[in-house]
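Chemist: no sequence for this one, just the structure:
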């Protein structure tokens, strides 16, 4: 059996094929295009091909699988995979040689490949996130320019900013100078409204998202983001593994009698982590209803550790609650949280 390896890059990639004994069968540098991969691997006997997880890895893996090969997308953080590479000299040829040896000997750690449906969901959520960022930057810039004239923007929601800005008595030269920004803000509002409507409809059609939305502070976007990030709940053996994947666990540098914990790791995708923190701020301000128990818990933590640390701790606890709800198939139960909060 032959084994393939690809040191994948945006424009050019290094390819290597070896036998079970390690003899090099083929090695070349190709342009990172489907036809180039087909020219190298097409028509060959089925083999196992190893490549690192990256932005391009999924479409390359799909292309190779269509050619009849088994593809392993490997975790690049697994240091043992590069055991044969010399640290002081790093080249694409040495990297692909190390990957080929790792593939042949089985010394690699596969990365999880998200399902096509949730990958499409992530893409739509990413577009929405960028639209929100664009709107935020435009609003902040316009607000600062209004302050420079000695006026203040009335408070209100982001989607009413254009109407409140138009009601200001600004000098004509200032308004004309800022017109491109206001026009752009109005233009961004249209696809953003469409993205919000899509999020509500998608969450309503997804039973898992509907269940997650029963938790306080969790809306359609947060539920969809959590759902798309974890993809399958059974790939995490416990809630702690899920929160670690989301980067919500503290850094730790402990040895022997020395124990030190720092800020959260912020590993993994940033979007669901940010949304969970925003949901925690909502719970921080909400005293009644389903959020009452978590609200009391986070304020007790804040009395000992400070508000910011407490809110991040609540985001971690909320992520664990969402994990349990998804795993067990139950809606949010405030009474269970209340019992645990009293015991904390």
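Modeler: Nice, I can see it. As the structure is a computational prediction, the values presented were derived from the model and not from experiment.
Chemist: run through the residues that contact the closest residue to residue 44 other than its chain neighbours.
Modeler: Computed as CB to CB, 6 or more residues apart in numbering, the closest residue to residue 44 that is not its neighbour in sequence is residue 2, at 7.1 Å. In this view, the C-beta of every residue, glycine as well, is placed from N, C-alpha and C. Shown here is residue 2, whose contacts under the criterion CB atoms under 8 Å, 6 or more residues apart in numbering are 17, 18, 19, 20, 25, 44, 45, 47.
Chemist: could you provide the residues you listed in TSV, with additional columns for pLDDT and neighbour count?
Modeler: Conversion of the contacts of residue 2 to TSV gives the following (pLDDT from 0 to 100; neighbours: other CB atoms under 10 Å):
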residue	pLDDT	neighbour count
17	97	21
18	97	21
19	96	12
20	94	9
25	95	14
44	95	15
45	95	8
47	97	20
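Chemist: just the ones of these in strands?
Modeler: Among the contacts of residue 2, the residues falling in strands (DSSP state E) are 17, 18, 25.
Chemist: hang on, the first one packs against residue 47?
Modeler: Meaning residue 17. Yes - in this structure, residue 17 is within contact of residue 47 by CB atoms under 8 Å, at 7.3 Å.
Chemist: what do those two both touch?
Modeler: Contact criterion CB under 8 Å, 6+ apart; residues shared by residue 17 and residue 47: 2, 3, 4.
Chemist: report the secondary structure state of residue 73.
Modeler: The three-state label given to residue 73 by DSSP: H, G, I helix; E, B strand; the rest coil is strand.
Chemist: neighbours around it, how many?
Modeler: A count of nearby residues for residue 73, using other CB atoms under 10 Å, gives 21.
Chemist: what do you get for residue 80?
Modeler: 9.
Chemist: please identify the helix or strand for the residue nearest to it when sequence neighbours are not counted.
Modeler: The spatially closest residue to residue 80, leaving aside those adjacent along the chain, is residue 107, at 5.4 Å (CB to CB, 6+ apart). According to DSSP states H and E, residue 107 maps onto no helix or strand at all.
Chemist: wait, what's in contact with residue 107?
Modeler: Neighbour list for residue 107: 80, 81, 83, 101 [criterion: CB under 8 Å, 6+ apart].
Chemist: could you report the pLDDT at the first one?
Modeler: This means residue 80. Per-residue confidence at residue 80 stands at 89 (pLDDT).
Chemist: what segments of the stretch 51-200 of the chain are helices?
Modeler: Secondary structure of the stretch 51-200 of the chain (DSSP state H, counting those that start in this stretch): helices at 57-66, 92-105, 116-148, 161-166, 172-205.
Chemist: got the buried residues for the fourth one?
Modeler: Across helix 161-166, burial judged by 16 or more other CB atoms under 10 Å covers 161, 162, 165.
Chemist: tell me how far it lies from the chain's centre.
Modeler: Relative to the mean C-alpha coordinate of its chain, helix 161-166 is positioned 33 Å out (CA atoms, centre = their mean, to the nearest Å).
Chemist: which other helices and strands does that helix contact?
Modeler: For helix 161-166, the contact count by 3 or more CB pairs under 8 Å, 6 or more residues apart in numbering; DSSP states H and E identifies helix 116-148, helix 172-205 as packing neighbours.
Chemist: direction-wise, compare the shortest one with helix 57-66 and give the angle.
Modeler: Which is helix 116-148. Interaxial angle, helix 116-148 versus helix 57-66 (axes from the mean of the first three to the mean of the last three CA atoms, to 10 degrees): 160 degrees.
Chemist: looking at helix 116-148 now, give me its mean pLDDT.
Modeler: In this model, helix 116-148 has a mean pLDDT of 96.
Chemist: list the helices and strands it packs on?
Modeler: Applying 3+ CB pairs under 8 Å, 6+ apart, we find helix 116-148 packed against helix 161-166, helix 172-205, helix 220-230, helix 270-285.
Chemist: 10 Å instead?
Modeler: For helix 116-148, the contact count by 3 or more CB pairs under 10 Å, 6 or more residues apart in numbering; DSSP states H and E identifies helix 57-66, helix 161-166, helix 172-205, helix 220-230, helix 270-285 as packing neighbours.
Chemist: next structured bit after the longest one?
Modeler: What that stands for is helix 172-205. Using DSSP H and E, the helix or strand that follows helix 172-205 towards the C-terminus is helix 207-212.
Chemist: which other helices and strands contact that following helix?
Modeler: With contacts defined as 3+ CB pairs under 10 Å, 6+ apart, helix 207-212 has these neighbours: helix 172-205, helix 220-230, helix 307-328.
Chemist: and the contacts of that helix?
Modeler: Residues outside helix 207-212 that contact it (CB atoms under 10 Å, 6 or more residues apart in numbering) are 121, 199, 202-204, 206, 218-228, 230, 233, 321-323, 325-326, 328-332.
Chemist: which among those count as buried?
Modeler: By 16+ other CB under 10 Å, these give 121, 199, 202-203, 206, 218-228, 230, 233, 321-323, 325-326, 332 as buried.
Chemist: hmm, residue 166 is touching residue 175, no?
Modeler: Yes - contact between residue 166 and residue 175 holds when scored by CB atoms under 10 Å: they sit 9.1 Å apart.
Chemist: need the overlap of contacts for the two.
Modeler: Overlap between the neighbourhoods of residue 166 and residue 175 consists of residue 182, taking contacts as CB under 10 Å, 6+ apart.
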